[in-house]
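Undergrad: Take this sequence and fold it.
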Amino acid sequence: MPVHAILGATGSTGSAVLRCLLASEIPDLTINILVRSKSKLLAAFPQLANAPAAAVNIFEGPVSNEDALTACVQNASVIYLCVATNNSAHKVDIAFSTAARLITALGQLRKARGLEYKPPVVLFNRSLSLSTEVKLPIPGFMKNFLMWGLGVIYEDLERASLLYSLAEKDELLACITADGPMLMDAEGTEATGYELLRHGTSSWYLSYADLGTALVELGQRRQEFEGRAVGVSATGKVRTTWGSSIWIMLLGLRYRLIPF
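TA: Numbering: from 1, shown residues only. Take a look at the predicted model:
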């Protein structure tokens, strides 16, 4: 009986992953969910209130709650990392601190289970701006500007990526890094099409719905992609929502120019 764990399921990425898993045909699937607010989750997914415990388990608390985190990822074969922030107005470490806490929890589980411990695959949602294999369809100067403006977010992602790489070498987990372009349509629920890329050039944008579906596919194809970074590119129409993207960039620029 496969167990898939979602860390953070009330944001745009986590909701998309959960929606895809609930509609999937994975045999005997159990979904473990860690969220800060169970009531907020049930408001978005009311069907979970009557879901059998064998199918869905909800753990309430922040990632810093060691007991809740450990219970959520126990026996998980796939872990979706959906705890994130787009707030570039100040220094952030949410990706790094989540990685550190997850690695600590998995280390405790390995110590307790000994030879019975099986390393889970961890789906790490990063950014195509950090990919060395798949390119964004933008001029180099524009990419450099984005990297500078949103530097606090990218630095956090790079630090987390290093932790996962070290944990992978220690055979504590297998990491698949999903690199997407600019994410759009946070409220959308319909996937319109995507492709997984190992090389080449991506689309300009990607919907959250397609990212969630892609993450679930990567989890199902772990033998093919574990230990690798994979680009996710849109193949269908993406509803662009520029307002939020521009606001995120403006916050990042303000922090760069006035860092306090």
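Undergrad: If I look at residue 49, what pLDDT would I see?
TA: Per-residue pLDDT puts residue 49 at 89.
Undergrad: and what of residue 25?
TA: You'll see residue 25 listed with a pLDDT of 87.
Undergrad: and if you look at residue 84?
TA: Note for residue 84: predicted pLDDT of 79.
Undergrad: Checking my notes, residue 39 in a helix, right?
TA: Yes - the assignment for residue 39 (DSSP: H, G, I helix; E, B strand; the rest coil) places it in a helix.
Undergrad: what about it, neighbour count?
TA: Look at residue 39: counted by other CB atoms under 10 Å, it has 9 neighbours. (Glycine included, C-beta is placed from N, CA and C.)
Undergrad: Against residue 48, how distant is residue 106?
TA: Distance of residue 106 to residue 48, computed by CB to CB, to the nearest Å: 25 Å.
Undergrad: Pick out whichever of those two has more residues nearby.
TA: Higher neighbour count among residue 106 and residue 48: residue 106, with 24 against 18, using other CB under 10 Å.
Undergrad: now that one, what's its secondary structure?
TA: Using three-state DSSP, the structure places residue 106 in helix.
Undergrad: Please name the nearest non-neighbouring residue to it.
TA: Leaving aside its sequence neighbours, residue 106 sits nearest to residue 172 (CB to CB, 6 or more residues apart in numbering; 5.3 Å).
Undergrad: Which of the helices or strands spans the one you found?
TA: Under DSSP states H and E, no helix or strand contains residue 172.
Undergrad: Could you do residue 96 as well?
TA: Per DSSP H and E: residue 96 is located in helix 94-113.
Undergrad: cool, and residue 33?
TA: strand 30-35.
Undergrad: ok, now residue 137?
TA: Residue 137 belongs to no helix or strand when elements are defined using DSSP H and E.
Undergrad: for the one 10 residues further on, same thing?
TA: Here residue 147, judged by DSSP H and E, is contained in helix 140-149.
Undergrad: tell me what that helix is packed against?
TA: helix 242-257 (3 or more CB pairs under 8 Å, 6 or more residues apart in numbering; DSSP states H and E).
Undergrad: Quick one: end-to-end length of stretch 184-197, please.
TA: Using CA to CA, to the nearest Å, the end-to-end distance of stretch 184-197 comes to 19 Å.
Undergrad: ok, now stretch 43-54?
TA: End-to-end distance for stretch 43-54, by CA to CA: 21 Å.
Undergrad: With stretch 29-41 instead?
TA: 19 Å.
Undergrad: how far out from the middle of the chain is it?
TA: 15 Å (CA atoms, centre = their mean, to the nearest Å).
Undergrad: Kindly report the same for stretch 39-49.
TA: 20 Å.
Undergrad: So which bits of it are buried?
TA: 41, 45, 48 (16 or more other CB atoms under 10 Å).
Undergrad: got it, and stretch 21-34?
TA: The neighbour-count check on stretch 21-34 (16+ other CB under 10 Å) flags 21, 29, 30, 31, 32, 33, 34 as buried.
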